[in-house]
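Colleague: Give the three-dimensional model of this entry:
(chains A and B)
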2 protein chains.
Amino acid sequence: MAPRNAFYAQSGGVTAVINASAAGVIETARAHRSKIGRVLAGRNGIIGALTEDLIDTSKESARDIRALTSTPAGAFGSCRYKLKGLDESRAQYERLIDVFRAHDIGYFFYNGGNDSADTCLKVSQVADKLGYPLVAVHVPKTVDNDLAVTDNCPGFGSVAKYVATSMREAAFDVASMAATSTKVFVLEVMGRHAGWITAAVGMAEDAETPIPLVLLFPEIPFDEARFTAAVETRVKRFGYCCIGVSEGLQNAEGRLMAEAGSKDAFGHAQLGGVGPLIANLVRERLRYKYHWAVADYLQRAARHLASKTDLDQSYAVGRAAVLLALKGHNAVMPAIVRTSDKPYRWKIGIAQLADVANQEKMLPRDFITSDGLGITAKARAYLAPLIKGESPPPYRDGLPRYVRLKNVAVAKRLATSFDI
Amino acid sequence: MAPRNAFYAQSGGVTAVINASAAGVIETARAHRSKIGRVLAGRNGIIGALTEDLIDTSKESARDIRALTSTPAGAFGSCRYKLKGLDESRAQYERLIDVFRAHDIGYFFYNGGNDSADTCLKVSQVADKLGYPLVAVHVPKTVDNDLAVTDNCPGFGSVAKYVATSMREAAFDVASMAATSTKVFVLEVMGRHAGWITAAVGMAEDAETPIPLVLLFPEIPFDEARFTAAVETRVKRFGYCCIGVSEGLQNAEGRLMAEAGSKDAFGHAQLGGVGPLIANLVRERLRYKYHWAVADYLQRAARHLASKTDLDQSYAVGRAAVLLALKGHNAVMPAIVRTSDKPYRWKIGIAQLADVANQEKMLPRDFITSDGLGITAKARAYLAPLIKGESPPPYRDGLPRYVRLKNVAVAKRLATSFDI
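Modeller: Just a heads-up that it's a prediction; the model follows:
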């Protein structure tokens, strides 16, 4: 049987290490040329498949594909574009199969989060229904770490390392200034609904480096009195206080503290601004001088500070996806299975997409201290290995050297176009 | 003659590498024990001298002093506290001399920016007038890079490397998302009056890695029409646009675009918030989806990404300050002298404090492109060597390991106290 081609696409918000998953897919496919032809990537994610705008990754050198492991963001472009249910979006699913048929795609690798796991599952179902032979494997990715089944999610460890490092560094700064100037520092971090990234801020401190921290999780409704009391106690005792706040912090009524008003293509509110809001509250209630930072994309793009564990796992899930597909596993996702905390050991397991799709894994309540403002030893034991290890990118002239691929388009084979 | 003690203090906003200057001072003093006794540090800067709250650095191990070279922020505490003119603040200057006399301080090393250079000069003048033998040497430090005479200022190179790296990484992220989501990314950076840090954002792009950038300098009054046209042109041509904006951006009337309202101890306005303001303008005028980041302290505390050039120079000015003092140079500052651009060569020269104090070195107009929105080749030639080289701190358990000194207090010898 002639080798069939593979399709690979990146979906949703990108990460510092999603390209390592791409490298894992492409390098592993190249190592199995007798079974997989070319890897065609969707330009700007699944939109590339719908519009038949495919990238021929076989035109990229082995060196450039390797360089993906040290390049942040989505090398082929990603998108925020959600396919809905089979009834609502049937034309889109069928169009995908048309494009796959035209390019002899036998393998579908979709690299994303909850929404794309659902899309991946539906694509496999539609293919099945239409009698089109396709193996669909989801490759996990999300900085939010909210994917079900997998112990942790590629992309998260690097953000965790970034926010913990940044908060530690900022804490040293604030401690220096607190006698006469800034006493409170606020860092707003990502994580819409799940407080994994907020929890990671807590790793800034440890036994050797205590830091007076207050964490505001999206899972814990904001309690102003409790919060200001905690900040005041720390400033009085230590001279300063550092606050990590989730962009998704909610009030007691379940409303976002900072609602920017606009919504993205998935219908999620576009967030930002709770950091300055909390800082201002500190000034109004406690009269402390403050500074605030909003890391935004900096935290998820910071390949220069990626976690080696995260990088290794990102590559591994890309590689495993291909190996699973070659074994005929359909509608699955390679999951990270933790077999030991200390020493940290992990392996790749197999998750059924039906168990992953559209699930959201929240921070367990026992990862959060009883006062709702810090992390427990259990959280630390979970987070510690995920931020471990450094794997800096190559530098040239003082800056990280990131690759840009040629991204050569595959000639279209369909007479029809498709409007997004 | 018995060796006299030295006093060292950190002043104003701290940096990723000011502790390297402290290490330079202390290690060099320790290497000249026949001439310099102990190095006593001011706890929280000059306030420590005024209140006779001194730290005995001789209690710190050689290993911990060495670890200062890889630790950000001010290990002894800094302060925002400005001594005024001799007439207004005479009591404070005389108190300083009293404390110095009580602890046999023969050398005064003051590590700061424009304001502290002025203080250092005045201290030397008061000592002279009172017949107290003191050698006063200023050690340059400021992320703003606005000190006169010196080619560049320790602390700046690391911020420059941070903002250029961060913008490059964010640009890769935005480029990935632009087809369906974020098209404009705004990064607000420090630099109250001088646009050196804003210019450094421009280093994010180079011939190999072009990025559609727009820079908003504090030296160039904000021109909304020109700005929105530039953003629109870039988005239409490249699909996205990245904007670096100085916290000190002013409108045509010379008013700060984002005035937080509060002022610090030096009478400077406390800034922050122009990033979201510019982002919002992009949405209102152009309807592009945006993200914004405010790096705030993260940029100046980021020892994990320090420039090796900056680190070396920070240590060198600390070391040179001691050597200059030992040679009897008074009321001077070691300055960085660039002797060659390519290959970059520099040496330490001697600046007279009278030429440095209260001067502010702005970004030259020929470092900014004629449209006011970018940097020229001349700026690149100046900035390139300053961000070069990496010198990561040691990591443990995935996080940078930063030292905290014991900071043992020196017993007070004066019966009098002093109210700040």
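Colleague: Confirm for me that A:Gly106 is in contact with A:Asn5.
Modeller: Yes: judged on CB atoms under 8 Å, A:Gly106 makes contact with A:Asn5 at a distance of 6.7 Å. C-betas here are computed from N, CA, C, even on glycine.
Colleague: got any residues that touch both of the two?
Modeller: A:Ile36 (CB atoms under 8 Å, 6 or more residues apart in numbering or on different chains).
Colleague: Read off the pLDDT value for the residue nearest to A:Asp53 when sequence neighbours are not counted.
Modeller: Leaving out its chain neighbours, the residue that sits closest to A:Asp53 by CB to CB, 6 or more residues apart in numbering or on different chains is A:Arg43, at 4.4 Å. Turning to A:Arg43, the model gives it a pLDDT of 98.
Colleague: can you count the residues close to A:Arg43?
Modeller: 21 (other CB atoms under 10 Å in any protein chain shown).
Colleague: same thing with A:Met1?
Modeller: With other CB under 10 Å as criterion, A:Met1 counts 6.
Colleague: separation between it and A:Thr57?
Modeller: Distance from A:Met1 to A:Thr57, counting by CB to CB, to the nearest Å: 22 Å.
Colleague: what about the strands in the stretch 1-150 of chain A?
Modeller: Secondary structure of the stretch 1-150 of chain A (DSSP state E, counting those that start in this stretch): strands located at A:4-10, A:36-42, A:54-56, A:105-112, A:135-140.
Colleague: Can you name every helix or strand that the lowest-mean-pLDDT helix or strand in chain A contacts?
Modeller: Ranking every helix and strand in chain A by mean pLDDT, DSSP states H and E puts helix A:274-286 at the bottom, with a mean of 91. The contact analysis (3 or more CB pairs under 8 Å, 6 or more residues apart in numbering or on different chains; DSSP states H and E) places helix A:274-286 against strand A:184-189, helix A:224-238, strand A:241-246, strand A:290-294.
Colleague: mind checking which of the ones you listed is nearest chain B?
Modeller: Chain B lies closest to strand A:290-294 among the helices and strands packed on helix A:274-286, at 3.8 Å (CB to the nearest CB).
Colleague: Now that closest one: buried residues?
Modeller: Residues of strand A:290-294 classed as buried: A:Tyr290, A:His291, A:Trp292, A:Ala293, A:Val294 (neighbour count, 16 or more other CB atoms under 10 Å in any protein chain shown).
Colleague: Equivalent analysis for stretch A:353-363, please.
Modeller: A:Leu353, A:Val356, A:Ala357, A:Lys361, A:Leu363.
Colleague: what's the closest of those to A:Thr150?
Modeller: A:Val356 (7.8 Å; CB to CB).
Colleague: From the buried residues of stretch A:353-363, which land in strands?
Modeller: Within these, no residue falls in strands by DSSP state E.
Colleague: Assign the residue sitting furthest away from the middle of chain A to helix, strand or coil.
Modeller: What lies farthest from the middle of chain A is A:Thr180; by CA atoms, centre = their mean that is 39.1 Å. The three-state label given to A:Thr180 by DSSP: H, G, I helix; E, B strand; the rest coil is coil.
Colleague: now swap in A:Glu208 and tell me
Modeller: coil.
Colleague: Please name the nearest non-neighbouring residue to it.
Modeller: In space, A:Glu208 is closest to B:Arg401, 7.7 Å off (CB to CB, 6+ apart).
Colleague: so that neighbour makes contact with B:Tyr395?
Modeller: Yes: counting by CB under 8 Å, B:Arg401 does reach B:Tyr395; the two are 6.5 Å apart.
Colleague: which residue ranges form the helices in the stretch 251-400 of chain A?
Modeller: In the stretch 251-400 of chain A, the helices defined using DSSP state H, counting those that start in this stretch lie at A:274-286, A:297-301, A:308-326, A:353-356, A:377-383.
Colleague: Tabulate the ones you listed (CSV), appending distance to B:Thr150.
Modeller: Shown next, in CSV, are the helices of the stretch 251-400 of chain A (distance: least, CB to CB, whole Å):
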stretch, distance to B:Thr150
helix A:274-286, 34
helix A:297-301, 30
helix A:308-326, 39
helix A:353-356, 57
helix A:377-383, 43
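Colleague: Least confident of those, on average?
Modeller: Among the helices of the stretch 251-400 of chain A, helix A:274-286 carries the lowest mean pLDDT (a mean of 91).
Colleague: Report the buried residues of that helix.
Modeller: A:Val274, A:Gly275, A:Pro276, A:Ile278, A:Ala279, A:Leu281, A:Val282, A:Leu286.
Colleague: quick one: contacts for A:Ala199?
Modeller: A:Leu215, A:Phe217, A:Leu363, A:Phe367, A:Ile368, A:Ile375, A:Ala379, A:Leu383.
Colleague: For the helix or strand containing it, give the mean pLDDT please.
Modeller: For A:Ala199, the element it lies in under DSSP states H and E is helix A:196-201. If you average the pLDDT over helix A:196-201, you get 98.
Colleague: quick one: strands adjacent to the very next helix or strand once past it?
Modeller: Using DSSP H and E, the next helix or strand after helix A:196-201 towards the C-terminus is strand A:213-216. Using DSSP bridges, strand A:213-216 pairs in its sheet with strand A:241-246 (parallel).
Colleague: okay, the angle between the strand it pairs with and strand A:290-294?
Modeller: 30 degrees (axes from the mean of the first three to the mean of the last three CA atoms, to 10 degrees).
Colleague: What residues sit buried inside strand A:241-246?
Modeller: For strand A:241-246, by 16+ other CB under 10 Å, it's A:Cys241, A:Cys242, A:Ile243, A:Gly244, A:Val245, A:Ser246.
Colleague: Over to stretch A:69-86?
Modeller: Within stretch A:69-86, judged by 16+ other CB under 10 Å, the buried ones are A:69-83.
Colleague: Same question for stretch A:211-222.
Modeller: For stretch A:211-222, using 16+ other CB under 10 Å, the buried residues are A:Ile211, A:Pro212, A:Leu213, A:Val214, A:Leu215, A:Leu216, A:Phe217, A:Pro218, A:Glu219, A:Ile220, A:Phe222.
Colleague: swap in stretch A:221-230?
Modeller: So, applying 16+ other CB under 10 Å, buried residues of stretch A:221-230: A:Phe222, A:Asp223, A:Phe227, A:Thr228, A:Ala230.
Colleague: mean confidence for the host helix or strand of A:Ala160?
Modeller: Counting by DSSP H and E, the element that carries A:Ala160 is helix A:156-177. Mean pLDDT, helix A:156-177: 98.
Colleague: Specify the angle between that helix and strand A:241-246 in degrees.
Modeller: 150 degrees.
Colleague: on that earlier part again, and which of the buried residues of helix A:274-286 is nearest to A:Val99?
Modeller: Nearest member of the buried residues of helix A:274-286 to A:Val99, counting by CB to CB, is A:Val274, at 41.0 Å.
Colleague: Tally up the residues packed near the nearest residue to the closest one once chain neighbours are set aside, please.
Modeller: Nearest residue to A:Val274 in three dimensions, chain neighbours excluded: A:Ala258, at 3.8 Å (CB to CB, 6+ apart). Residues lying near A:Ala258 (other CB under 10 Å) number 19.
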